[in-house]
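>>> this is a predicted model, with the sequence first.
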Amino acid sequence: MTAEREHLRIGFIPLADAASLFVAVDKGFAAQEGLNVELVQEVSWSNVRDKLNIGMFDAAHLLAPIAVASSLGVGHVKTPIVAPYNLAMNGNAITVSPALHEAMRARLDGDALNPLATARALARVVADRKAAQAEPLTFGMTFPFSGHNYQLRYWMAAGGVDPDEDVRLVVLPPPYMVGSLAQGHVDGFCVGAPWNSVAVDLGVGHILHFSVELFSRCAEKSLAMRESFALEHPNVVAALLRALRRAARFIAEADPHEIAALLARPDRVGVGADVILRTLQGRLKIAPDGATRENARYLLLGQEGAERPDPTQAAWLYAQMARWGQAPVSSALLDAAKAVFRPDLFDATLPAAPRSGDAISAFCGPKFDDRDLDAYLSAFPIRRTP
Amino acid sequence: MKIVIVDESPVRAAILEDGLREAGFTNVERIAEMRSLLARIYAIDPDVILIDLENPSRDILEQMFQVSRAVRRPVAMFVDQSDAASIQASVDAGVSAYIVDGLKKERIKSILDLCVSRFNAFSRLQDELARAKSEIEERKTIDRAKGLLMKAKNLSEEDAYRLMRSTAMREKKKIFEIAQAIITASELFK
């Protein structure tokens, strides 16, 4: 490593799942690897994507599906992006208004912890509203190419609700989610931490499910960079990966209060440390009356090999794009999607890291197999593919 | 051609709208209310949408590219690979454009160039405003320190100022910093 520090501009959205990036910079791990990282806070995923694409950022905390979509040229300009490190898995939740929660509870047949039971309850509520000629329900999510969009769609479609026909799905910036729920502009949403907890704390939302209850492992945020940048700066990529690895370990071993305090800073996530602590510990208040639910796998940062990018995850994200008509079905696109996640770059730097576990594991539906995408997709009665 | 400006800053939106009108684009609508943004846009049915990059609602616009029955016309993002320089310029200036597919590129280019120059003019204006404000603050501080010196040392206004200036030169500081020190000291001696 040269004495001169490499200057890197990395864009992020203020969310708890960028924790490894924050810790790598704020605890000096990046500097110890010879990197001078400038973290730049952004207000929209579109901005992060565009600034990464045109070279104003060297790397970014990015929704994993955007990395895939950019590389495929789906929905936007085609820019080859690679993801050599997975910043986070899981971490989202579905929250509904007290009114919808009550309506679903009345129509629930089974265990409220079972996503299939709640999805069927939602289908009955949707049918009731149709019969009464009421407005369709509206759900918010953060971006067309996002785990939130796919998780919400997968869940409701499992119960028989067509997300394009039976309800309205709208994009909302995360900071607007809670206000929109409180004012009745949306009846529910799927978003990452801390916004579900904020809604519950304000008494305007009930958390129905953690995303980990729908999918055991789901790639959420990537460390993304242009393919050309990764090719031209292999040493910088390796140094950044080592720093992130140390950060992920630090998060696993340090006092969670310290991490929460660091993340709470206004130039990082900028919400109360107590809310962030609940996220990190996977112990969330799910109802305004104070009921809590716990899941140690709620948000995976470095645990269980979550850091190592798994091409099967990229394939699954592409399959969701195909299922919902965002991308055509083709084996060439499937291969291109898988090539976005780069375990080879990861292994070249962090050879001793644990391998990823089983991909996806959905709460219902066919087992995901990217060797037969057509069979996988046609197993879903509700889909946009031919 | 119908143009929509999505900007929460009313001043900047007005500056941009004026520029567009001067350039002959008379059909311009401004949206400052981010609630029901898409519904408004669908109702207006514009050919071009201009949005500032500080606006989190930009992600909402991305939904327009999705296959959806709500969209009456496909809208595509202007940024295409062939024009890297103007993309860079617009992102630098803090503005982004969305256009209806099939619109002539030269026409878009002139609109975007206008946006970039107006956005840059707006931020220059803000810088100047901030600088003017701080200059006024500095002058006030210097005047206050001068008054304190005149009273404490029974000096004329001119001598008080001269004393501050010579002290500043000797200590290689700005006269404003000396004035601040005088005010701080006088408050301690109160």
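Structure received. Source: prediction; values computed, not measured.

>>> only C-alpha atoms for contact and neighbour calcs from this point on.
OK.

>>> tally of neighbours for the residue in the stretch 101-250 of chain A positioned nearest to chain B?
In the stretch 101-250 of chain A, the residue that lies nearest chain B is A:V171 (5.1 Å; C-alpha to the nearest C-alpha). Neighbour count of A:V171, defined by other C-alpha atoms under 10 Å in any protein chain shown: 22.

>>> again with the one 4 residues further on
By other C-alpha under 10 Å, 15 other residues sit near A:P175.

>>> right, and it touches A:W195 too?
Yes - between A:P175 and A:W195 there is a contact under C-alpha atoms under 8 Å: 7.4 Å.

>>> OK, contacts around residue 54?
I went with chain A, as the question did not name one. The contact partners of A:I54, by C-alpha atoms under 8 Å, 6 or more residues apart in numbering or on different chains, come to B:A84, B:Q88.

>>> that was the other one, I meant chain B.
B:E54 sits next to A:V43, B:G94 when contact means C-alpha under 8 Å, 6+ apart.

>>> give me that answer again for 7 Å
Residues in contact with B:E54 (C-alpha atoms under 7 Å, 6 or more residues apart in numbering or on different chains) are A:V43.

>>> cool, A:W155 as well?
Taking C-alpha under 7 Å, 6+ apart, we find A:W155 in contact with A:P115, A:A119.

>>> and for A:P174?
A:P174 makes contacts with A:T142, A:V191, A:W195, as judged by C-alpha under 7 Å, 6+ apart.

>>> quick check, pLDDT for it.
Predicted confidence (pLDDT) for A:P174: 87.

>>> give me phi/psi at it?
Phi and psi for A:P174, reported as degrees, to the nearest 10, are phi -50, psi -40.

>>> output the strand ranked longest in chain A as CSV, nothing but the C-alphas.
Using DSSP state E to define each element, chain A has its longest strand at strand A:81-90. What follows is strand A:81-90, C-alpha atoms only, in CSV (Å, rounded to 0.1, in the frame of the first residue of the first chain):
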residue,chain,number,x,y,z
ILE,A,81,-22.2,-2.7,-11.8
VAL,A,82,-20.5,-5.2,-9.6
ALA,A,83,-21.3,-6.1,-6.0
PRO,A,84,-18.2,-7.6,-4.3
TYR,A,85,-19.6,-7.3,-0.8
ASN,A,86,-23.0,-7.7,0.7
LEU,A,87,-23.7,-5.0,3.3
ALA,A,88,-26.9,-6.5,4.6
MET,A,89,-29.5,-9.3,4.4
ASN,A,90,-33.1,-9.1,5.5
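
>>> next SSE downstream of that strand?
Remark: after strand A:81-90, the chain's next helix or strand is strand A:92-96, criterion DSSP states H and E.

>>> quick one: the residue nearest the centre of chain B and A:M321, what's the gap?
Closest residue to the average C-alpha location of chain B: B:S123 at 3.5 Å, with C-alpha atoms, centre = their mean. The gap separating B:S123 from A:M321 is 39 Å, by C-alpha to C-alpha, to the nearest Å.

>>> quick one, which residue of chain B lies the farthest from its center?
Chain B, C-alpha atoms, centre = their mean, max distance from centroid: B:N154 (46.4 Å).

>>> please, where are all the helices along the stretch 1-150 of chain A?
For the stretch 1-150 of chain A, helices defined by DSSP state H, counting those that start in this stretch occupy the ranges A:19-26, A:29-32, A:45-53, A:64-72, A:98-106, A:115-131, A:147-158.

>>> run the angle between the fifth one and helix A:115-131 for me.
When you say that, I think you mean helix A:98-106. 110 degrees (axes from the mean of the first three to the mean of the last three C-alpha atoms, to 10 degrees).

>>> buried residues, helix A:98-106. List them.
A:P98, A:L100, A:H101, A:A103, A:M104, A:R105 (16 or more other C-alpha atoms under 10 Å in any protein chain shown).

>>> correct me, but the fifth one touches A:V126?
The reference is to A:M104. No - contact criterion C-alpha atoms under 7 Å: A:M104 and A:V126 do not qualify, at 9.6 Å.

>>> compute the inter-axis angle for the longest helix belonging to chain A and strand A:81-90.
The residue-count maximum for a helix in chain A (DSSP state H) belongs to helix A:234-253. Taking the same axes, to 10 degrees, one finds helix A:234-253 and strand A:81-90 inclined to each other by 0 degrees.

>>> helix A:234-253 packs against which elements?
helix A:19-26, helix A:29-32 (3 or more C-alpha pairs under 7 Å, 6 or more residues apart in numbering or on different chains; DSSP states H and E).

>>> contacting residues for the closest residue to A:D267 other than its chain neighbours?
Using C-alpha to C-alpha, 6 or more residues apart in numbering or on different chains and skipping the chain neighbours, the partner closest in space to A:D267 is A:Q41 (7.4 Å). By C-alpha under 7 Å, 6+ apart, the contact set of A:Q41 is A:G11, A:F12, A:I13, A:P14.

>>> what of A:F12?
Counting by C-alpha under 7 Å, 6+ apart, A:F12 touches A:V40, A:Q41, A:E42, A:V48, A:A60, A:H61.

>>> go on, A:D369?
Residues near A:D369 by C-alpha under 7 Å, 6+ apart: A:Y376.
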